[in-house]
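Undergrad: sequence unavailable; structure follows:
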């Protein structure tokens, strides 16, 4: 099984893409530029979905009622990531987190931050599931998910 | 359920880092193994199903074309099935449907992956779209770590207990892999080594995680007439179940995990299973992460919610326990992803036909096999039995 001296070829695929946001996500991400988090409400089940959706994934009806949602919420789950792979879009260490923004009905995926992430033992003292958190905005906003820098403990 | 269908033979490659073969050669190794095992030839096969992870894994798209020769598929109906981590079970389901429908009598199912040739976590991250989720997913371990924490919180399970139970799973599966001639990682580990291993994505540490493996698995599905004609000991398909969930990770509960619960329920209903822990003799649960394996035990009704760490520490799921789980060492010790789910099915077939060798569970008659995929969206089950 031990690899012998057989040849390998190094190869790479690099393809450019330009993906359409569509109307709903254009409005949602433009909202981030203005420090606003938008959700949409399903007219059938009444759930407030965030990020905003053009349709409710459960009821399959248009979710076209726009609501500005709270920037404060509860930390539902978190994951301290301390490894790196090719093309990783976020520099480790980072804390991927599920956050239930107040008044919404799904968990919003983002980062926790605002404290030193390098020492995990210290991180573990600060971060607790169930804690209240608040969005912290980037100064350089481009209509992108990282316009929210992270959520900080309240 | 359509016509009765059985597995009449399985073939596996030696899994591991296989830079000694090209990818098609690796696939051929499994295909040759199943033909040698069954005495069948490619001419006997009515159709071929294959599958892998997303093409970015090895950088070559449309692999059922690339492997047409290695699978001897030219001139036959051929299909590709791809459902991320659950691909292997989906391949088995596809082959099963094909025979059950009456459209074929002998179908070759092949799962394969060469994870050492690319970058597995970078590949998996492309499963998340680049508008929103991709920035936060951190490959497979990140998703499963968040899920493990939610589970811990929901049932107020003390962290030390979960940590001990996860370490116990790692130790026993690593021990089990020594008795599986095809397993990748064969390494003795201790509880302390697992508990103090490097953090990958907290609470998951290095020895809680599966390896990147190269490997392939081939399985032949047959109709009842063919089983009779060939006179081979069959592993009958007793039940199949598969469920998907909504796309966004934050949209559905991952503790009361509906795709896992409902996939199992569908398969149990077909197989007439009421009490899985008592009725099943062995289970091959897809377990790339020790913590997640315990959650599956609960979703599959092997124990009550929140109870699995206690049961694990009591030895309920070891090879000598009430319901042995992953006596092959499981995904934790061998994970060529596109093949992995089919390896679970193959191992279940080996168990109920008494051919599992050194890791045979004595008198196993009814076995569950399972795989999970996507960003926690997909779960698939196939139950096999020695009797129709």
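TA: Looks like it came in fine. For clarity, every value in this text was computed on a predicted model and none was experimentally measured.

Undergrad: show me where the stretch 101-250 of chain B has strands.
TA: Here the stretch 101-250 of chain B has its strands, by DSSP state E, counting those that start in this stretch, at B:106-114, B:199-201, B:204-205, B:214-223, B:235-243.

Undergrad: can you list contacts of the second one?
TA: Applying C-beta atoms under 8 Å, 6 or more residues apart in numbering or on different chains, the contact partners of strand B:199-201 are A:79-83, A:120, B:138, B:141-142, B:144-145, B:205-206, B:208-209. Glycine gets a C-beta too; all of them are placed from N, C-alpha and C.

Undergrad: now for residue B:69: which residues touch it?
TA: Contacts of residue B:69 (C-beta under 8 Å, 6+ apart): residue B:24.

Undergrad: show me where pLDDT drops low in chain A?
TA: Applying pLDDT under 70 to chain A flags the ranges A:1-4.

Undergrad: which single residue in it comes nearest to chain B?
TA: residue A:107 (3.2 Å; C-beta to the nearest C-beta).

Undergrad: the closest residue to chain A within the stretch 101-250 of chain B: what's it in contact with?
TA: Taking C-beta to the nearest C-beta, chain A has its nearest neighbour within the stretch 101-250 of chain B at residue B:250, 3.2 Å off. Residue B:250 makes contact with A:98, A:106, A:107, A:108, A:109, according to C-beta under 8 Å, 6+ apart.

Undergrad: what is the neighbour count of the last one?
TA: Residues near residue A:109, counting by other C-beta atoms under 10 Å in any protein chain shown, number 24.

Undergrad: assign it to helix, strand or coil.
TA: strand (DSSP: H, G, I helix; E, B strand; the rest coil).

Undergrad: and the longest strand seen in chain A, is it in reach of chain B?
TA: As assigned by DSSP state E, the longest strand anywhere in chain A is strand A:72-81. Yes: contact of strand A:72-81 with chain B (C-beta under 8 Å from any C-beta of the partner chain) involves A:76, A:77, A:78, A:79, A:80, A:81.

Undergrad: hmm, residue B:198 is touching residue B:204, no?
TA: No: counting by C-beta atoms under 8 Å, residue B:204 is not a contact partner of residue B:198; they are 10.3 Å apart.

Undergrad: of those two, who's got more company?
TA: The neighbour count for residue B:198 versus residue B:204, taken as other C-beta under 10 Å, is higher for residue B:204 (25 against 9).

Undergrad: what's the farthest-apart pair in the contacts of strand B:199-201?
TA: Farthest pair in those (C-beta to C-beta) is A:120 and B:144. Separation: 18.0 Å.

Undergrad: more neighbours, those two?
TA: Using other C-beta under 10 Å, the more surrounded residue of residue A:120 and residue B:144 is residue B:144, with 25 against 13.

Undergrad: show me the contacts for residue B:128.
TA: By C-beta under 8 Å, 6+ apart, the neighbours of residue B:128 are B:134, B:137, B:375.

Undergrad: hmm, which of those residues is lowest in pLDDT?
TA: Least confident entry in the contacts of residue B:128, by pLDDT: residue B:137, with 83.

Undergrad: ok, that residue - contacts?
TA: A:96, A:109, B:124, B:125, B:128, B:143, B:249, B:375.

Undergrad: ramachandran angles for it?
TA: phi -80, psi -40 (degrees, to the nearest 10).

Undergrad: point to the residue nearest the middle of chain A.
TA: In chain A, the centroid-proximal residue (C-alpha atoms, centre = their mean) is residue A:110; its distance is 3.1 Å.

Undergrad: which one of the contacts of strand B:199-201 is nearest residue B:100?
TA: Nearest to residue B:100 among the contacts of strand B:199-201, with distances taken as C-beta to C-beta, is residue B:144, at 32.7 Å.

Undergrad: the closest one contacts residue B:293, doesn't it?
TA: No: the criterion here is C-beta under 8 Å, and residue B:144 misses it with residue B:293 at 10.3 Å.

Undergrad: quickly note the distance from residue B:375 to residue B:319.
TA: Going from residue B:375 to residue B:319 by C-beta to C-beta, to the nearest Å gives 32 Å.
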